[in-house]
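Asks: quick one, fold the following:
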Amino acid sequence: YQRRVHGTLSECLFFFAMACLCRCPSLFGPSAPPSPSEDNDQFDEDNTIEIDQAINTIGLGRAHYIVILIMTLNQLAMGMQIINMVFTQQPAVILCHNCTDINIPDELEICQMSSPRYEHQVPSIAAEWNLVCSQQWKLQFASMAFFAGFWVGVGFFGYLCDRKGRRWTFFCTLFGCLLTSFASAMAPFYLIYLIARAATAACYAGWGLASYVLMVELLPAQHVAKAAGVYGALFAAGECLVPLIAYGVPEWRGVVSITTLFALPFAFYFWKCPESPRWLLSTGQRKQAQRVLADICRTNNVAPLAAYLKPSLPAEHPGSLLSIVRHPALLKTTVSQMYLWFCASFLYYGLSLNVGSLAGGLHLTAFIAAVVEIPSCLAIPFVLDCLGRRRALVLTYQVAGLCCIMFVLLPSLPWLATPLAMYGKFAITAAYTGIYVWTAELFPTDVRSVSLGVCSQAARVGGITAPLVLLLSDTTSVPFLIWGLSGLVAALMCLLSRETHKQRRFNTVQEYVCYMHTPELEVCPELCPEQEMEVCPEQEVD
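Replies: Next up is the predicted model:
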């Protein structure tokens, strides 16, 4: 009876706390008197403000720092999940026991013996499920399945992110990450592990996409590049932790379980996470967007906005690729950005998964390869602001491609192999971080998530191809040659997209097309309402 009473009281206290949280009008701070920026019933067309101007007026404050902290820390968990395959899927070393000759035969000869006896020295899935000799291809196939899951996830969750919202997608994918990651750690055989890893990749792809878009859309434009640098640096920090965890806990199930635990604390952010005001405005929810901005003002301890948000032009097909395909300028930008993302992922994961073939121990080499990414991520925001988005990415792709080609041209200097690979990793990490910033600024809000999703799908194709190149090649030089040429072509492809540094960002495709056709008019959206878009100038502006 006492347990029943205590349980009832606990339930009442729980639901009372949830009700208080749900009814709290502020995300972080105390309530304040209503202002025009959060008024629900009135709207003065003569007293309006653009969403860009509103976010810049509020500036950077406590609310933004909380969002940056949460949305970037999730990259710590994501980096650990992606790079742990270097250790969990490490090929097994087989030793011959029934060989009488003092010269032990190589692995191929052992596999060709009629009844070879061997043991495994590496506690990976190859050791547990006997993925050696004719079954060794399953290791690379597991990596390909992981990136295939990423490919599915960024497309599916990118669509949901534009349709259902950034916050909703963020937490749905978070809980999916926890469930699928623990399922892969407890997989009893290879097929279950393969399916669980693909599902884990899909959920992590949606989680990372939603967190990045939400962070970008809440920040003033001048701080986006720096936040992206922190975003990439924490991904690299997660990669640095994996070799340390694998060294202390060599068993692969322990590695996967420990790296999954780093995603658990983010579930407690559910009650405080705001929705993107840009997404709310682009979907016609102007009042809700005003409430979010008013809550941010209270948290930052700044004066509330003295004007109403100007409604955006209605989106044609929110979250649909049809909006991109209909307009040649957006279509050309999408194709070029897809190739840039493909090359960034192709080089990045190719160099990351190839660390085992470089000089030095696996744990040390993987740790160094991850450490070089941190200064790269922290330096690229300043390069993006100094040179602009386009020129900075041309430079980084060129350096990455040239380092890979020099690796091939200098085979007689093996002591240069590891430094060249690290320099290439440094450059391609900078390019990968910069391309996130550039792509997010190129596309309007109503198709930003789906555009990032499509580009990220192209990146996953690069991730799938990287282990395939390693599988098909018997020498180290051929993959580096392919990576180097791809990087140089990507540097040329950067010239096909416009510069976005200190340029206007758009909420809908209608605004983008109208403004790009008549860039000299500041009030272009009012001159080209939705019903008159057919009579707007048809000249394409790149």
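Asks: chain neighbours aside, what residue packs nearest to Glu239?
Replies: Ala370 (3.6 Å; CB to CB, 6 or more residues apart in numbering). For the C-beta atoms, the positions are set from N, CA and C on the backbone; glycine is no exception.
Asks: tell me the pLDDT of the one you found.
Replies: We note a pLDDT of 80 for Ala370 in this prediction.
Asks: tell me the SS of it?
Replies: helix (DSSP: H, G, I helix; E, B strand; the rest coil).
Asks: is it in contact with Phe235, as I believe?
Replies: No: Ala370 is beyond contact range of Phe235, at 9.3 Å (criterion: CB atoms under 8 Å).
Asks: any shared contact partners between these two?
Replies: Gly79 (CB atoms under 8 Å, 6 or more residues apart in numbering).
Asks: what ranges does the stretch 201-350 of the chain have for its strands?
Replies: For the stretch 201-350 of the chain, the strands defined by DSSP state E, counting those that start in this stretch occupy 308-309.
Asks: let me see the contact set for Thr334.
Replies: Applying CB under 8 Å, 6+ apart, the residues near Thr334 are Ile324, Ser451, Val454, Cys455.
Asks: from Phe443, how far out is the last one?
Replies: What it means is Cys455. Here Cys455 is placed at a distance of 9 Å from Phe443 (CB to CB, to the nearest Å).
Asks: quick revisit: who's in contact with the residue nearest to Glu239?
Replies: Ala370 neighbours (CB under 8 Å, 6+ apart): Gly79, Ile83, Ala236, Ala237, Glu239, Cys240, Val242, Pro243.
Asks: what's around the last one, how many residues?
Replies: Neighbourhood size, Pro243 [other CB atoms under 10 Å]: 25.
Asks: isn't it right up against Ile368?
Replies: No: with contact defined as CB under 8 Å, Pro243 and Ile368 do not form a contacting pair (9.2 Å).
Asks: contact partners of stretch 486-500?
Replies: Under the contact criterion CB under 8 Å, 6+ apart, stretch 486-500 has outside partners 332-333, 336-337, 339-340, 343-344, 346-347, 388-390, 393-395, 397-398, 400-402, 404-405, 428, 431, 438, 441-442, 542.
Asks: can you list contacts of stretch 194-207?
Replies: Under CB under 8 Å, 6+ apart, the answer for stretch 194-207 is 74, 78, 81-82, 85, 141-142, 145-150, 152-154, 156-158, 160-161, 169-170, 172-174, 176-177, 180-181, 183-184, 187, 456, 460.
Asks: narrow those residues to those in strands?
Replies: Residues of these located in strands (DSSP state E): none.
Asks: in helices only, show me those residues.
Replies: Mapping the contacts of stretch 194-207 onto helices (DSSP state H) picks out 74, 78, 81-82, 85, 141-142, 145-150, 152-154, 156-158, 160-161, 169-170, 172-174, 176-177, 180-181, 183-184, 456, 460.
Asks: buried members of those into ChimeraX, please.
Replies: Under the burial definition 16 or more other CB atoms under 10 Å, those of the ones in helices among the contacts of stretch 194-207 that qualify are selected in ChimeraX by:
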select :74,78,81,82,85,141,142,145,146,147,148,149,150,152,153,154,156,157,158,160,161,169,170,172,173,174,176,177,180,181,183,184,456,460
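Asks: flag the shaky bits of the chain, pLDDT-wise.
Replies: 1-46, 92-122, 312-321, 355-361, 411-415, 471-476, 516-542 (pLDDT under 70).
Asks: and the strand or helix carrying Lys425, what does it pack onto?
Replies: Assigned by DSSP states H and E, Lys425 belongs to helix 417-442. Identification of packing neighbours for helix 417-442 by 3 or more CB pairs under 8 Å, 6 or more residues apart in numbering; DSSP states H and E yields helix 190-218, helix 224-248, helix 328-353, helix 362-371, helix 373-387, helix 389-409, helix 448-472, helix 477-493.
Asks: tell me which residue is most central in this protein.
Replies: The centroid of the chain falls nearest to Gly208 when counting by CA atoms, centre = their mean (4.5 Å).
Asks: and the nearest residue to that residue once chain neighbours are set aside, what does it touch?
Replies: Spatial nearest neighbour of Gly208, chain neighbours left out: Met78 (5.4 Å); criterion: CB to CB, 6+ apart. Neighbour list for Met78: Tyr204, Trp207, Gly208, Phe235, Gly238 [criterion: CB under 8 Å, 6+ apart].
Asks: next one: Leu420
Replies: Taking CB under 8 Å, 6+ apart as the test, what Leu420 contacts is Cys403, Cys404, Met406, Phe407, Leu410.
Asks: quick one: the nearest residue to the second one once chain neighbours are set aside and Gln222, what's the gap?
Replies: Distances taken as CB to CB, 6+ apart put Gly484 closest to Cys404, at 3.4 Å, once the chain neighbours are dropped. To Gln222, Gly484 is 35 Å away according to CB to CB.
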